[in-house]
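Pasting a predicted model and its sequence here:
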Amino acid sequence: MRIALCSLVALLAGAPETQAQVPFHGGRGPTFVRSAWNLEPGYLTLYTHTRFYGKVVNVPPPASSPNGDTTAVAYWNVQGGAALNYGISRHFELSVVPMIYQDTNRRGKAFNIPDDIFLRLKIASLGQRGAAMTYGIELGTRLPTAKMHNLPFEPYSAGKVSFGATALVSFARDPLYPEDGFSAHFNLGYWNHNDVGQILSSDAPQIAVTKMTQEFLYGAAMILPSEKFNFRFELLGSAFINAPPPTAFSRSAVMYLTPGVSYKPYRWMALDASSDLRLSGSATPARNEARLFTLPRYSAWRVSLGMRITLLPTSLYSMSERDLLMRKAESRRELFEQIIKEQRETESAEAELERIKEERRKAERELERLRRILEGEARRQQQEGQNGDDGGMPPR
């Protein structure tokens with residue numbers, strides 16, 4: 001009953017992808033890898049997401065009763081959360097990501113309601129207008145509003161305010177309508193857990209963190225869009241620069257491949273489904289003394305479901321296809337005008353270059369003609385000089 005209730009809460013609330021220290025986003029581009037594209041100014045989106053994983057393990061009998069039977073125990077990991085993204089201006093986007101529900105796999109209250117909150121500011125959509133490549137940077141922080149941290153199956157968290165930054169690069173085959181054609185996205189990030197002196201939530205003997213835990217994050221994704229479906233492949237990974245203490249559940253490098261699909265029933269809504277497949281990562285179990293059995297550091301697979309809704313502008317709900325196309329054209333008018341201006345300037349420059357080349361050819365022809373004239377004058381003077389010398393000699 002409890003599992004069903006937790007699953008229902010997560011499905012209604014959604015769950016963040018926390019493989020990287022900054023969770024999933026609700027803006028443009030892939031689901032987990034960040035794009036360098038910002039929302040249009042004034043746009044507000046809501047993204048809800050759920051992720052779950054479970055497994056049954058056989059627990060050996062305690063040492064006090066070696067002849068006892070093994071016990072089958074189920075453990076699981078269910079999350080729930082949401083993301084609000086707002087386009088402040090062309091180059092600034094703000095997002096708030098509360099993690100509403102998180103399993104803890106601990107005794108007593110075995111879940112966090114609420115869990116941590118992420119705040120992010122993306123400075124993006126940088127680069128030349130109309131270019132295939134777009135650039136940006138995202139600044140993020142994690143606020144430890146959850147009751148328990150240092151959880152199995154989840155990335156390391158120490159219960160302190162942590163922060164980081166991620167560099168963003170996006171490529172679009174069609175720069176004028178980037179989301180209508182093939183696109184690729186790349187992330188490279190750093191996260192500081194700010195945990196020196198912190199004692200981790202753990203059932204093992206408590207150890208204070210003596211060296212700042214720092215993490216290196218990376219990701220890559222590509223999207224293959226069609227009229228109603230977007231197919232995507234995302235690669236997410238992390239590695240510690242300074243690893244957390246041994247009492248941390250998640251303290252090794254890991255990498256996941258996430259194939260997914262999005263269905264777009266309306267222009268203001270998209271439904272997501274994906275599956276995380278662990279490609280690498282330590283399989284060494286982490287001891288959980290409270291349960292008398294060991295847990296893997298990371299889940300081998302995870303299933304994710306999500307929904308993306310555009311809340312603002314509300315006019316988007318009543319727009320016809322013609323109105324939508326006109327709005328797209330209007331939003332790109334400045335870009336079109338700049339492209340036309342640059343094309344005219346290029347054509348003018350090419351015409352000016354051709355004129356200069358023609359003037360140079362004319363000058364070269366004039367110089368060649370003058371050279372021939374001068375050479376002819378020189379030969380004539382030489383001949384006249386020779387004739388004059390011959391005429392002045394006495395006859396023999």
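Right, received. Where do you want to start?

Please tell me how far the helix or strand hosting Glu377 is from the chain's geometric centre.
Element membership for Glu377 (DSSP states H and E) is helix 333-391. In terms of CA atoms, centre = their mean, to the nearest Å, the centre of helix 333-391 is found 55 Å from the chain centre.

Show the average pLDDT along it.
The pLDDT scores in helix 333-391 average 75.

for stretch 273-285, same thing?
Here the average pLDDT along stretch 273-285 is 78.

Likewise for stretch 144-151?
91.

Against which helices or strands is the helix or strand containing Arg308 packed?
Under the criterion of DSSP H and E, Arg308 resides in strand 301-312. Using 3 or more CB pairs under 8 Å, 6 or more residues apart in numbering; DSSP states H and E as the contact test, the elements touching strand 301-312 are strand 44-59, strand 254-266, strand 269-281. C-betas here are computed from N, CA, C, even on glycine.

same thing but 6 Å
Counting contacts by 3 or more CB pairs under 6 Å, 6 or more residues apart in numbering; DSSP states H and E, strand 301-312 packs against strand 44-59, strand 269-281.

Please tabulate those in JSON lines, including the columns distance to Leu121.
Below are the helices and strands packed on strand 301-312 laid out as JSON lines (distance: least, CB to CB, whole Å):
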{"stretch": "strand 44-59", "distance to Leu121": "16"}
{"stretch": "strand 269-281", "distance to Leu121": "24"}
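
Determine which of the ones you listed approaches Phe118 most closely.
Closest approach to Phe118 among the helices and strands packed on strand 301-312 (CB to CB): strand 44-59, 12.6 Å.

Direction included, what does the closest one pair up with?
Using DSSP bridges, the strands paired with strand 44-59 in its sheet are strand 71-87 (antiparallel), strand 301-312 (antiparallel).

out of those strands, deepest packed?
Of all the strands paired with strand 44-59, strand 71-87 has the most neighbours on average by mean count of other CB atoms under 10 Å, namely a mean of 20.

where's Gly54 relative to Leu236, distance?
As defined by CB to CB, to the nearest Å, Gly54 lies at a distance of 21 Å from Leu236.

Which residue of these two possesses the greater neighbour count?
With neighbours defined as other CB atoms under 10 Å, Gly54 and Leu236 compare such that Leu236 has more, 23 against 14.

Show the average pLDDT along the helix or strand harbouring Gly219.
Per DSSP H and E, Gly219 falls inside strand 214-225. Strand 214-225 shows a mean pLDDT of 96 in the predicted model.

Residues touching that strand, excluding its own?
20, 30, 33, 183-189, 191-192, 230-242 (CB atoms under 6 Å, 6 or more residues apart in numbering).

Return the set of buried residues in stretch 244-259.
244-245, 247-252, 254-256, 258 (16 or more other CB atoms under 10 Å).

Can you verify my assumption that Ala132 contacts Pro175?
Yes: applying CB atoms under 6 Å, one finds Ala132 in contact with Pro175, separated by 5.2 Å.

quick one: which of those two has more around it?
Higher neighbour count among Ala132 and Pro175: Pro175, with 18 against 14, using other CB under 10 Å.

tell me, how many neighbours does the nearest residue to Gly26 once chain neighbours are set aside end up with?
Distances taken as CB to CB, 6 or more residues apart in numbering put Tyr47 closest to Gly26, at 2.8 Å, once the chain neighbours are dropped. By other CB under 10 Å, 24 other residues sit near Tyr47.

Check the helices and strands packed on strand 301-312 for me and report the most buried one.
strand 44-59 (a mean of 19).

quick one: that strand to strand 269-281, angle?
If you take axes from the mean of the first three to the mean of the last three CA atoms, to 10 degrees, strand 44-59 sits at 40 degrees to strand 269-281.

Can you show me the CA trace of strand 44-59 as CSV?
Taking Å, rounded to 0.1, in the frame of the first residue of the first chain, the C-alpha atoms of strand 44-59 are listed here in CSV:
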residue,chain,number,x,y,z
LEU,A,44,6.5,30.5,-18.6
THR,A,45,6.6,26.6,-18.7
LEU,A,46,5.8,23.9,-16.2
TYR,A,47,7.5,20.5,-16.4
THR,A,48,6.5,17.6,-14.1
HIS,A,49,8.5,14.4,-14.1
THR,A,50,8.6,11.0,-12.4
ARG,A,51,11.4,8.5,-12.1
PHE,A,52,11.3,5.1,-10.5
TYR,A,53,13.4,2.0,-9.9
GLY,A,54,13.0,-1.2,-7.8
LYS,A,55,14.5,-4.6,-7.1
VAL,A,56,14.0,-7.6,-4.9
VAL,A,57,17.1,-8.9,-3.0
ASN,A,58,17.6,-12.0,-0.8
VAL,A,59,18.9,-11.0,2.6
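
can you give me the offset of the strand holding Gly219 from its chain's centre?
Strand 214-225 sits 5 Å away from the centroid of its parent chain (CA atoms, centre = their mean).

Check which residues of that strand are buried.
So for strand 214-225, counting by 16+ other CB under 10 Å, buried means 214-215, 217-223, 225.

Asn77 is in contact with Gly54, isn't it?
No: checked against CB under 6 Å, the pair Asn77 and Gly54 is beyond contact range at 7.3 Å.

pLDDT weak spots in this protein?
Along the chain, segments meeting pLDDT under 70 span 1-22, 59-69, 108, 202-205, 282-296, 321, 323-325, 327-339, 387-396.

before we move on, the earlier item: got the strands paired with strand 44-59 as TSV, with distance to Lys160 columns?
As requested, the strands paired with strand 44-59 are exported to TSV (distance: least, CB to CB, whole Å):
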stretch	distance to Lys160
strand 71-87	20
strand 301-312	26
